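S.K.: Next input, structure requested:
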Amino acid sequence: AVLCIDHSRVYVTGESNGGMLAHYLVQSLPGTFAAVAPWFGLPLLGYGLGAQFELVRYTKDSRQTAMLQLHGRDDDVMP
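M.R.: The predicted model follows:
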């Protein structure tokens, strides 16, 4: 079967561990996704902020992907 896929409109999303995977995919495959919208999933490389944790490894490559990060204020598991 032949599929008609508009490669300029490929999106990635996920909830919790799937959100972590969404972050990983955007960093591992820069330029592949039009946008990413992780739910409750932090980047896989650490839970702290700052350069020492390298939350986003390739910021230059990741900038071309639009992102909407969804996270609840009352979440005490993934602060």
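
S.K.: Can you name the next helix or strand after the helix-or-strand element of the chain with minimal mean pLDDT?
M.R.: When each helix and strand of the chain is scored by mean pLDDT, DSSP states H and E, helix 59-62 comes last, with a mean of 64. Later in the chain than helix 59-62, the nearest helix or strand by DSSP states H and E is strand 66-67.

S.K.: Give the residue spans of the chain that score low on pLDDT.
M.R.: Counting by pLDDT under 70, the chain contains low-confidence residues at 44-62, 77-79.

S.K.: Could you find the residue nearest the spatial middle of it?
M.R.: Closest to where the C-alpha atoms of the chain average out (Cα atoms, centre = their mean) is His23, at 2.5 Å.

S.K.: So what does that one have for phi and psi?
M.R.: When quoted as degrees, to the nearest 10, the phi and psi of His23 stand at phi -60, psi -50.

S.K.: okay, now Ile5: neighbour count?
M.R.: Neighbourhood size, Ile5 [other Cβ atoms under 10 Å]: 8. No exception for glycine: its C-beta is placed from N, CA and C like everyone else's.

S.K.: roughly how far apart are it and Gly31?
M.R.: 15 Å (Cβ to Cβ, to the nearest Å).

S.K.: My guess is the residue nearest to the centre of the chain contacts Pro38. True?
M.R.: Yes. Judged on Cβ atoms under 8 Å, His23 makes contact with Pro38 at a distance of 5.8 Å.

S.K.: what sits against Val12?
M.R.: Taking Cβ atoms under 8 Å, 6 or more residues apart in numbering, we find Val12 in contact with Ala22, Leu25, Val26, Phe33, Ala35, Val36, Ala37.

S.K.: could you redo the last one with a cut-off of 7 Å?
M.R.: Under the criterion of Cβ atoms under 7 Å, 6 or more residues apart in numbering, the neighbours of Val12 are Ala22, Leu25, Val26, Phe33, Val36.

S.K.: and the fourth one, how many residues sit next to it?
M.R.: Which is Phe33. There are 20 residues near Phe33, going by other Cβ under 10 Å.

S.K.: Which residue comes closest to it once chain neighbours are left out?
M.R.: Val12 (5.0 Å; Cβ to Cβ, 6 or more residues apart in numbering).
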